[in-house]
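Colleague: predicted structure and sequence below. I'll ask about it afterward.
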Amino acid sequence: MTIVSRSRYWLPLIPLLALLAFVYWLDRQVQQEIAVAANTQRHDPDGIMDNFHATKMDLQGVPRFLLNAKQLRHYPDHDTTELELPRMTMLTQDRPPVHMNGLRGNVSSRGDEVIFHDNVSVVREAVGDQSAMTLSTEYLRVLPNQDWADTDKAVTIVDAHNTVHAIGLEMDNKTRILKLLSQVRSEHHAK
């Protein structure tokens, strides 16, 4: 048998092999799209940390704020971080520390926003002639790099002499200005 006669036997198989290669390639493309679709529908954490603690410092190496939680979970599908029992302490020179906590929390993907949910409490420690102040709400958004916090939910503020109820709040810790947004009611407690 010559080479030409042998190739006649194999020649009809070439289109079948090409078709088989095309079907294999097409199957791989479809499988990849199915895997991507399945991964975007799943909401599984890619990282879990128990007893999480973080400290952010200023340029001089002085702690600015502390963030800790019973558990931290990061989800890659939305690049979100969830916190269980989060607690944050904002530290500012010449001012009393401000402690914030809640039952749940979230941290933005860039880490510049912390949100507290459910039984949120903010405590400013007493200093000098200023009594301690406690703020309670169900939701609080904190921008720690800007010393800012706000909410559009009901808030109750209690200090040694007053109890204040309002809807919505903006708290600027740099200027020490607390702005109540609406439906403000106040009770003064005489000594």
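Modeller: Here it is on my side, so go on. Model, not experiment: these values are computed from the prediction. Numbering: from 1, shown residues only.
Colleague: wait, His161 sits on Ala132?
Modeller: No: using CB atoms under 8 Å, His161 is not in contact with Ala132, being 11.5 Å away. No exception for glycine: its C-beta is placed from N, CA and C like everyone else's.
Colleague: can you give me the strands in the chain?
Modeller: 47-57, 63-75, 80-84, 87-90, 98-101, 104-107, 114-124, 133-143, 148-158, 162-172, 177-188 (DSSP state E).
Colleague: figure out which of those is closest to Trp25.
Modeller: With respect to Trp25, and counting by CB to CB, the nearest of the strands of the chain is strand 63-75 at 33.2 Å.
Colleague: longest helix in the chain, please.
Modeller: Looking across the chain with DSSP state H, the single longest helix is helix 13-41.
Colleague: report the distance from it to the chain centre.
Modeller: 38 Å (CA atoms, centre = their mean, to the nearest Å).
Colleague: rewinding a little: pipe the strands of the chain into TSV and attach distance to Ile14 per row.
Modeller: Below are the strands of the chain laid out as TSV (distance: least, CB to CB, whole Å):
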stretch	distance to Ile14
strand 47-57	51
strand 63-75	50
strand 80-84	53
strand 87-90	69
strand 98-101	72
strand 104-107	59
strand 114-124	63
strand 133-143	66
strand 148-158	70
strand 162-172	74
strand 177-188	76
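Colleague: could I get those as a markdown table with distance to Pro12, mean neighbour count and mean pLDDT?
Modeller: Listed next are the strands of the chain as a markdown table, based on distance: least, CB to CB, whole Å; neighbours: other CB atoms under 10 Å; pLDDT from 0 to 100:
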| stretch | distance to Pro12 | mean neighbour count | mean pLDDT |
| --- | --- | --- | --- |
| strand 47-57 | 56 | 12 | 88 |
| strand 63-75 | 54 | 18 | 90 |
| strand 80-84 | 57 | 19 | 90 |
| strand 87-90 | 74 | 21 | 92 |
| strand 98-101 | 76 | 20 | 92 |
| strand 104-107 | 63 | 20 | 92 |
| strand 114-124 | 67 | 19 | 93 |
| strand 133-143 | 71 | 19 | 93 |
| strand 148-158 | 74 | 18 | 92 |
| strand 162-172 | 79 | 17 | 91 |
| strand 177-188 | 81 | 12 | 89 |
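Colleague: could you give the bridge partners of the residue nearest in space to the middle of the chain?
Modeller: Centroid-nearest residue in the chain: Val107, 1.8 Å away (criterion: CA atoms, centre = their mean). Beta-bridge pairing of Val107 under DSSP bridges involves Thr81, Val114.
Colleague: just give the nearest non-adjacent residue to Ala132, would you?
Modeller: Of all residues not flanking Ala132 in the chain, Ala126 sits nearest, at 4.2 Å (CB to CB, 6 or more residues apart in numbering).
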